[in-house]
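Trainee: Next one to model:
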Amino acid sequence: MTGFRTLILSVTATVVIGASSTSLNAQTAAPSSQGPSMAVSLAMEKDHIPLGQKPRAVVTIKNLTQQKIYISTASWFYRVHIEGENGGPSETEWQRHRHGDVRPGDTEALVEGPIDSREIAPGGSDFQICDLTVFYDLSVPGKYTVYMEIRDEPKGPSGPSVWLRTNTAQFEVVAPAQ
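Mentor: Numbering: from 1, shown residues only. Alright, predicted model coming up:
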């Protein structure tokens with residue numbers, strides 16, 4: 001019986017020590033294995049936009065880490081997706097070029113414009129406003145949905161980038177009353 005009790009204590013100690021070292025390893029694992037560094041959400045500035053005005057989406061980014069993170073307005077940082085009642089609206093030349101769809105007659109090199117980078121403190125939030133007409137032709141009245149994907153940068157020297165999807169928001173482009 002004493003040998004059996006010793007065996008049980010030995011197995012228990014091994015399990016406890018193994019669990020403790022596993023827990024310690026989990027705490028010191030590379031940040032990229034600990035999930036996203038930010039939470040992203042999207043809201044439209046207005047739900048009903050008169051034809052000719054620019055629909056603008058407000059993207060909120062919340063830092064989920066205990067370290068500063070940086071966000072950018074550079075085009076590689078986000079993707080915009082819009083669908084309409086009758087399928088997707090036409091992409092602008094800028095949007096097409098972003099994913100490699102360059103057509104005869106297109107401008108050879110489109111310039112992005114000023115790029116801003118901001119820091120978000122641990123637990124803090126920031127927002128970015130996106131003019132959706134930069135990406136799609138929204139000159140046809142109708143109901144649309146939009147979501148964005150925001151790039152979560154690598155947390156370590158070899159960590160992969162991850163695309164975080166926002167919620168989907170709805171808006172309507174309204175023709176003027178006759």
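
Trainee: And what about the residue nearest to R103 when sequence neighbours are not counted, helix, strand or coil?
Mentor: What sits nearest to R103 in space, not counting adjacent residues and going by Cβ to Cβ, 6 or more residues apart in numbering, is R96, at 7.1 Å. All C-beta spots, glycine's among them, are computed from the backbone N, C-alpha and C. Three-state call for R96 (DSSP: H, G, I helix; E, B strand; the rest coil): helix.

Trainee: distance of R96 from Q66?
Mentor: 40 Å (Cβ to Cβ, to the nearest Å).

Trainee: The two: which is more packed in?
Mentor: A count of neighbours by other Cβ atoms under 10 Å puts R96 above the other of R96 and Q66, at 16 against 8.

Trainee: T107 versus the more buried one, what's the distance?
Mentor: Distance of R96 to T107, given as Cβ to Cβ: 11 Å.

Trainee: again, but for G142
Mentor: For G142, the distance to T107 - Cβ to Cβ - is 28 Å.

Trainee: tell me which residues form a beta bridge with D126?
Mentor: I61 (DSSP bridges).

Trainee: Grab the longest strand from the protein for me.
Mentor: Ranked by residue count and defined by DSSP state E, the top strand of the chain is strand 142-152.

Trainee: helices and strands around it, which ones?
Mentor: When contacts are defined as 3 or more Cβ pairs under 8 Å, 6 or more residues apart in numbering; DSSP states H and E, strand 142-152 sits against strand 38-44, strand 56-63, strand 78-84, strand 162-165, strand 169-174.
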